[in-house]
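Trainee: need a structure here:
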Amino acid sequence: MPHDHDDHDHDHDPLEQGPSLRVRALEELMVAKGLIDPAALDRIVEYYERETGPRNGAKVVARAWLEPDFRDWLLRDGTAAIHAMGFTGYQGEHMRVVANTPKLHNVVVCTLCSCYPWPVLGLPPAWYKGAAYRSRVVREPRAVLKEFGLDIGTDIEIKVWDSTAEIRYMVLPLRPADTEAFTLEQLAGLVTRDGMIGTARL
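Mentor: Below you'll find the predicted structure:
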């Protein structure tokens with residue numbers, strides 16, 4: 001649902017709460033005690049950096065641009081449509097996709113931590129997890145987007161969506177003009193992570 005300034009009581013992933021220093025200390029302690037294998041941790045990180053990530057989301061977007069039936073399915077049941085493309089995993093269990101239109105621009109945030117759809121967007125950027133973005137994009141989205149180089153006219157509505165542990169959001173950008181002859185791969189090459197968060201047009 002769109003963000004409600006007074007509603008901050010939804011649950012967020014416990015693993016995402018607390019300072020990163022505490023996470024690092026816990027990781028080092030578990031490795032030192034032999035509770036986890038450092039190589040296994042490396043494989044997990046590599047999986048989210050290389051096997052998943054923004055290129056997966058870009059393929060979802062490109063397919064939605066090319067196939068109206070898939071687009072309808074994606075907007076109706078993002079989880080099922082994305083999973084049907086093979087993009088599943090931790091933090092991708094419950095997805096909702098919101099579409100930009102000529103009169104509406106969507107932007108995604110997690111106001112209390114950094115809930116984020118890893119299987120389609122990869123690891124979250126540092127700014128997404130930062131307190132400044134999380135608080136300011138709710139209060140002054142137009143100003144924050146302008147700082148990202150995205151100047152949204154006052155005739156266009158901006159809707160801010162607050163991701164939680166229960167549901168994560170992804171933006172479906174507008175398809176650029178003059179791309180009728182583009183293949184899925186060419187279209188996917190136009191899409192960026194920031195476009196699927198809403199801090200860029202594409």
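
Trainee: where do the strands sit along this protein?
Mentor: 95-99, 104-109, 157-162, 168-172 (DSSP state E).

Trainee: mind showing which ranges of the chain have poor pLDDT?
Mentor: For the chain, applying pLDDT under 70 flags the ranges 1-31, 38-53, 89-93, 114.

Trainee: In the sheet, which residues pair with residue 98? Tell me.
Mentor: residue 171 (DSSP bridges).

Trainee: got the phi/psi numbers for the residue of the chain most remote from its centre?
Mentor: Residue farthest from the centre of the chain, counting by C-alpha atoms, centre = their mean, is residue 33 at 34.6 Å. Here is the backbone geometry of residue 33 (degrees, to the nearest 10): phi -90, psi 0.

Trainee: Can you mark which positions in stretch 104-115 are buried?
Mentor: Judged by neighbour count using 16 or more other C-beta atoms under 10 Å, the buried positions of stretch 104-115 are 105-115. Where you see a C-beta, it was placed from the backbone N, CA and C, and this is true even at glycine.

Trainee: Which one of the residues you listed is nearest to residue 67?
Mentor: Nearest to residue 67 among the buried residues of stretch 104-115: residue 106, at 20.7 Å, using C-beta to C-beta.

Trainee: ok, residue 164 touching residue 109?
Mentor: No. Checked against C-beta atoms under 8 Å, the pair residue 164 and residue 109 is beyond contact range at 10.8 Å.

Trainee: Not counting sequence-adjacent ones, nearest residue to residue 110?
Mentor: Leaving aside its sequence neighbours, residue 110 sits nearest to residue 163 (C-beta to C-beta, 6 or more residues apart in numbering; 4.5 Å).

Trainee: Share the number of residues neighbouring the residue nearest to residue 149 when sequence neighbours are not counted, please.
Mentor: Spatial nearest neighbour of residue 149, chain neighbours left out: residue 200 (7.5 Å); criterion: C-beta to C-beta, 6+ apart. Applying the criterion other C-beta atoms under 10 Å, we find 17 residues in the vicinity of residue 200.

Trainee: Surely residue 200 touches residue 190?
Mentor: No. Residue 200 is beyond contact range of residue 190, at 10.9 Å (criterion: C-beta under 8 Å).

Trainee: any idea how far residue 135 is from the nearest residue to residue 179 once chain neighbours are set aside?
Mentor: Computed as C-beta to C-beta, 6+ apart, the closest residue to residue 179 that is not its neighbour in sequence is residue 187, at 6.3 Å. Applying C-beta to C-beta, to the nearest Å, the value for residue 187 to residue 135 is 34 Å.

Trainee: the more surrounded of these two?
Mentor: Neighbour tally, residue 187 and residue 135, criterion other C-beta under 10 Å: the higher count belongs to residue 187, 21 against 13.
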